[in-house]
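A.B. asks: sequence isn't available, so here's the structure alone:
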């Protein structure tokens, strides 16, 4: 199938660090000679400036310069795209959420929303439940749900694939999964680095919005899915999310590493760089099991993992970077995402219903924290301990 991949934000950080290396790997397989790349940029740049590091991409890459706020330029883009023979066009919006919604409006108004077009969004999908509802409604004006691919790249990581493999092969696992054998489930993503110059972004976002509502909640839903394989994977994840109780603010930890306020130039900031949530499920199979979501910056180690503690004391740990597939190669998450979108496979993409349910779960904590000016501090390099409760050696 001839495919055009149109990347808005081709000159940006995400494209340079993730998308172009992934595309280079995809092309090198020799299976996607019918894939072409169109980079959209506000300023004049050369193909060599953008993809010169990847010679495999040079002959299949074109650039289109346009004003993203000019409706007339979208009409010109349509003519440019339709002049090339193709079966489908994917718009990858590697831009901030506000800009993404505007671009979708312009695409729709220009008629770039027929069945041959798909649109891929990066998170965040809103900043709370209300803004998520607004964003979803707005993007749904011109594109149907089956044309929209919401990216949570943690769903494309090997940690997610391995958990799903175990869930779907439950009869051959050493323990059944549920409250008859599991004591605790902890989903953890920690980093040694701080915000690394991303002060404006982090002040607007914080750890709860940046990691917990999306990445960690999605991974937890994979653990909790019931009877894997009976429905589509997004439907299974949503069913699991709908049974998670809204978070209790009394079981939530909000903390900030010492020195963060100086980095952002806000001495009284209460933006969290560490979050620990303890959740509960109403699912009869999971009632009583401690569910923990933990993320933080400037901690003792960089790790992303899911830890399952069984009632008999045994543990399973699914850790990113330590899972090797049968062919010996660990696939990059963005390779998986791009290949799935090209093939119209939506299992690893997040549905609008999942997004909204995740925001509903964290909403009580967001509300409580918005009315609380206090925040705990911890030393950079602190360690976390996961037992029946979450502890940080502040």
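C.D. replies: That came in fine, so what should we check first? All figures in this text were calculated on a predicted structure; none of them were measured in a lab. Residues are numbered from 1 along each chain as shown.
A.B. asks: can you list the domains in this structure?
C.D. replies: Structural domains assigned to the chain are 3-122, 154-326+349-392, following automatic domain parsing.
A.B. asks: format these as a markdown table; extra columns: mean pLDDT.
C.D. replies: Shown next, in a markdown table, are the domains of the chain (pLDDT from 0 to 100):
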| stretch | mean pLDDT |
| --- | --- |
| domain 3-122 | 94 |
| domain 154-326+349-392 | 92 |
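A.B. asks: which one of these lies nearest to residue 130?
C.D. replies: Comparing these by their distance to residue 130 (C-beta to C-beta), the top pick is domain 154-326+349-392, with 8.7 Å. Every residue, glycine included, has its C-beta placed from N, CA and C.
A.B. asks: quick one, helices of the protein?
C.D. replies: Counting by DSSP state H, the chain has helices at residues 13-14, 20-28, 47-51, 71-82, 97-109, 129-139, 158-168, 199-207, 217-224, 233-242, 260-264, 333-342, 352-370.
A.B. asks: tell me the spacing between residue 125 and residue 149.
C.D. replies: Here residue 125 is placed at a distance of 12 Å from residue 149 (C-beta to C-beta, to the nearest Å).
A.B. asks: looking at these two, which has the bigger crowd around it?
C.D. replies: Legend: neighbour count by other C-beta atoms under 10 Å for residue 125 and residue 149, higher for residue 125 (25 against 21).
A.B. asks: can I assume that one is in contact with residue 97?
C.D. replies: Yes: applying C-beta atoms under 8 Å as the test, residue 125 and residue 97 come out as touching, 7.3 Å apart.
A.B. asks: what do the two both touch?
C.D. replies: residue 135 (C-beta atoms under 8 Å, 6 or more residues apart in numbering).
A.B. asks: Serialize the helices of the chain to CSV and add fields for mean neighbour count and distance to residue 115.
C.D. replies: Output for these, formatted as CSV (neighbours: other C-beta atoms under 10 Å; distance: least, C-beta to C-beta, whole Å):
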stretch, mean neighbour count, distance to residue 115
helix 13-14, 12, 27
helix 20-28, 19, 24
helix 47-51, 17, 29
helix 71-82, 15, 14
helix 97-109, 18, 13
helix 129-139, 17, 16
helix 158-168, 19, 29
helix 199-207, 17, 34
helix 217-224, 25, 28
helix 233-242, 20, 20
helix 260-264, 17, 45
helix 333-342, 20, 15
helix 352-370, 19, 19
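A.B. asks: which of these sits closest to residue 178?
C.D. replies: Nearest of these (C-beta to C-beta): helix 217-224, 9.3 Å.
A.B. asks: same for the closest one, what does it pack against?
C.D. replies: Helix 217-224 sits against helix 158-168, strand 182-190, helix 233-242, strand 290-296, strand 303-310, helix 352-370, with contacts defined as 3 or more C-beta pairs under 8 Å, 6 or more residues apart in numbering; DSSP states H and E.
A.B. asks: how does it look with 7 Å?
C.D. replies: Packed against helix 217-224 by the contact rule (3 or more C-beta pairs under 7 Å, 6 or more residues apart in numbering; DSSP states H and E) you find helix 158-168, strand 182-190, helix 233-242, strand 290-296.
A.B. asks: any chance of the ones you listed in a markdown table, plus distance to residue 208?
C.D. replies: A markdown table is the format used below for the helices and strands packed on helix 217-224 (distance: least, C-beta to C-beta, whole Å):
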| stretch | distance to residue 208 |
| --- | --- |
| helix 158-168 | 21 |
| strand 182-190 | 13 |
| helix 233-242 | 16 |
| strand 290-296 | 9 |
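A.B. asks: noted, bye for now.
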